[in-house]
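Asks: Build the 3D model from these lines:
(chains A and B)
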Amino acid sequence: MIVVVGAGPAGIAAALRVHECGAPVTVIDDNVAPGGQIWRGDSANAWVRRFRDADIAILRGTRVITGDAGAQWLLLEGPEGARKISYSKLVLATGSRELFLPFPGWTLPGAFGAGGLQALVKSGLSVAGRKIVVGGTGPLLLAVAAYLRQHGAEVKLIAEQAGIGSLAAFAGTLLRRPKKILQGGGLALTLAGIPYMNDCWVTAAHGDGRLHSVTLRRGRKEWLEDCDYAAIGYGLVSNDELETFLGPSANIHAARTGEVELSLIEGEIAGLEAAGRGEIAASLCGKRDKARRFAAAIDATFALRGELKSLPDPGTIVCRCEDVTAERLRDFTDSRAAKLQTRCGMGPCQGRICGPATQFLYGWKPGSLRPPLFPASVGSLLPLERTEP
Amino acid sequence: MPEMLLVRVNGREIRAPSNATVAAAMIGAGELIFRQSVSGEPRAPLCGMGVCFECRVTIDGCAHLRSCQVLVREGMEIHT
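Replies: Below you'll find the model as predicted:
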């Protein structure tokens, strides 16, 4: 049995390739339906339809809480409780999450991630008539702003931290990719009239129990903008916890993910390799390398400016699970010491939010991983007792 | 159009489309406080995709569920 973890673009592409090769495949996914974040709630998407039509087994609402790369099994927790699953080959297509940088007020209800607010709208939230400030960095901000506006929101502005110089260089890259220009052109039409401010970022959110305004900075200018919601994200972080925990293995094929085209091709290659069709996988590497170069150009364009490291005030919460402030983290030099003494990163998200933030703010390497990789009930861990004396 | 369902948040009735998650239904109905943080701050969803655990609520007696990853069901009882 080949097992694929993740049913976003990469996982769907991998599972379809395995299925086409005639091998049995099971997909494990945390969400209520296949499609990942990009196709969340989009059951009409061609890839999602192909996946559904192929009738591939999928365990929804299910997380991997631990596993053993040597013995080739995973322990899962889902709606029906816990179960162990064995694999011959494992494809990891666990996708990405957003990078969030702490700033004063970012814990207020109404301050969402950029992709975060979009995911909620894709999940049925109405934003009609809501005033929203979109901020952070990357091409996702444009997609999010266009999406929110299509759903009736009043997007007040897009605050992009990247400078005009790198954006201009990026525009040059786009000129060599006509398909991307069409995508960008469509977005530009939707966004017409929304101010897109480069060298600009949200320095604080304000409100009493819920967000009602944000402070923006651009050069020497600082001003207040009233809004119902803020949607702020600083790019993507790979969900690589499971891959890191399991360690390298000849039976594990990990798909690097990011932009949808990259995710699809990486997924196809990982699926083909898992199915033992390395020769077909090799024929796709040229396409993959092109997608990787484009991803690298995006990363370079939207590299985070150093000034963002001074976003948190001493009293700003950095670890939202354990309410650890920037002030309490100031004297530590690594995540392990900070974790032991302040509980930073020890809450239910297990450092998935504050880990990448402290890496950017303080240069800390991610802390070591221990099972369970997601919070799990004690009952779910019992199958381990029975099989491992 | 999806069917509209009735659920209760801390006893208050709200309506939501059947394809909505609990988090989306709650925010849409103005229920923006999902939990109290360890120092007593009100909190609401951040990531919208099951990673941050800020949207944890009790659903039909089951505590600590991520409301962004659970679909609404008719008659569901949600407590923050």
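
Asks: Longest helix in chain A, please.
Replies: For chain A, the longest helix by residue count, based on DSSP state H, is helix A:285-301.

Asks: How far away from the center of its chain is it?
Replies: Helix A:285-301 has its C-alpha centroid displaced from the chain centroid by 18 Å (CA atoms, centre = their mean, to the nearest Å).

Asks: Can you name every helix or strand that that helix contacts?
Replies: Counting contacts by 3 or more CB pairs under 8 Å, 6 or more residues apart in numbering or on different chains; DSSP states H and E, helix A:285-301 is packed against helix A:164-175, helix A:260-274. Every C-beta, even on glycine, is put in place using the N, C-alpha and C of the backbone.

Asks: helix or strand right after it?
Replies: strand A:317-319 (DSSP states H and E).

Asks: got the buried residues for that following strand?
Replies: Within strand A:317-319, the residues that count as buried by 16 or more other CB atoms under 10 Å in any protein chain shown are A:317-319.

Asks: Likewise for stretch A:341-350?
Replies: Neighbour-count burial for stretch A:341-350, counted by 16+ other CB under 10 Å, picks out A:342-350.

Asks: show me where chain B has strands.
Replies: Secondary structure of chain B by DSSP state E: the strands cover B:4-9, B:12-17, B:35-36, B:42-43, B:56-59, B:62-66, B:77-79.

Asks: is the third one up against chain A anywhere?
Replies: In this case it means strand B:35-36. No. Strand B:35-36 does not reach chain A (CB under 8 Å from any CB of the partner chain); its nearest approach is 10.1 Å.

Asks: and the residue nearest to A:Ser126 when sequence neighbours are not counted, what pLDDT?
Replies: Nearest non-adjacent residue to A:Ser126, counting by CB to CB, 6 or more residues apart in numbering or on different chains: B:Gly28, 5.2 Å away. You'll see B:Gly28 listed with a pLDDT of 96.

Asks: Ok, A:Leu167 next?
Replies: 82.

Asks: Run through the residues that contact the nearest residue to it once chain neighbours are set aside.
Replies: Leaving out its chain neighbours, the residue that sits closest to A:Leu167 by CB to CB, 6+ apart is A:Asn198, at 5.6 Å. Contact analysis of A:Asn198 by CB atoms under 8 Å, 6 or more residues apart in numbering or on different chains lists A:160, A:162-164, A:167.

Asks: Name only those of the residues you listed that count as buried.
Replies: A:160, A:162.

Asks: what would the contacts of A:Asn198 look like in CSV with distance to B:Ser18?
Replies: Shown next, in CSV, are the contacts of A:Asn198 (distance: CB to CB, whole Å):
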residue, distance to B:Ser18
A:Glu160, 37
A:Ala162, 40
A:Gly163, 46
A:Ile164, 46
A:Leu167, 42
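
Asks: Just checking: the least confident one among the contacts of A:Asn198 is which?
Replies: A:Leu167 (82).

Asks: isn't it right up against A:Thr301?
Replies: Yes. Contact status for A:Leu167 versus A:Thr301: in contact at 6.7 Å, counting by CB atoms under 8 Å.

Asks: which bits of the stretch 151-300 of chain A sit near chain B?
Replies: So the stretch 151-300 of chain A meets chain B at A:209-210, A:239 (CB under 8 Å from any CB).

Asks: Out of the residues you listed, which comes closest to A:Lys309?
Replies: Comparing these against A:Lys309 with CB to CB places A:Asn239 closest, at 24.0 Å.

Asks: per-residue confidence for A:Gly172?
Replies: 72.

Asks: if we can go back for a sec, near chain B too, which of the buried residues of stretch A:341-350?
Replies: Among the buried residues of stretch A:341-350, the residues lying close to chain B (CB under 8 Å from any CB) are A:347-349.

Asks: Helix or strand: which one has A:Trp47?
Replies: helix A:46-53.

Asks: And the contacts of the following helix or strand past that helix?
Replies: For helix A:46-53, the succeeding helix or strand toward the C-terminus, using DSSP H and E, is strand A:57-59. Strand A:57-59 is contacted from outside by A:7, A:25-29, A:34, A:76, A:78, using CB under 8 Å, 6+ apart.

Asks: for A:Ile85, phi and psi?
Replies: phi -130, psi 130 (degrees, to the nearest 10).

Asks: How about the one 4 residues further on?
Replies: For A:Lys89, the backbone dihedrals are phi -130, psi 150 (criterion: degrees, to the nearest 10).

Asks: Verify the contact between it and A:Asn251 for me.
Replies: Yes. Counting by CB under 8 Å, A:Asn251 is a contact partner of A:Lys89 at 5.3 Å.

Asks: of those two, who's got more company?
Replies: A:Lys89 (23 against 14; other CB atoms under 10 Å in any protein chain shown).

Asks: Model confidence at the more buried one, what's the number?
Replies: 98.

Asks: Enumerate every residue touching it.
Replies: A:2-3, A:251-253, A:274-275.

Asks: Could you dump the buried residues of stretch A:341-350 into CSV with distance to A:Arg328 added?
Replies: Shown next, in CSV, are these (distance: CB to CB, whole Å):
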residue, distance to A:Arg328
A:Thr342, 5
A:Arg343, 10
A:Cys344, 8
A:Gly345, 13
A:Met346, 13
A:Gly347, 14
A:Pro348, 19
A:Cys349, 18
A:Gln350, 19
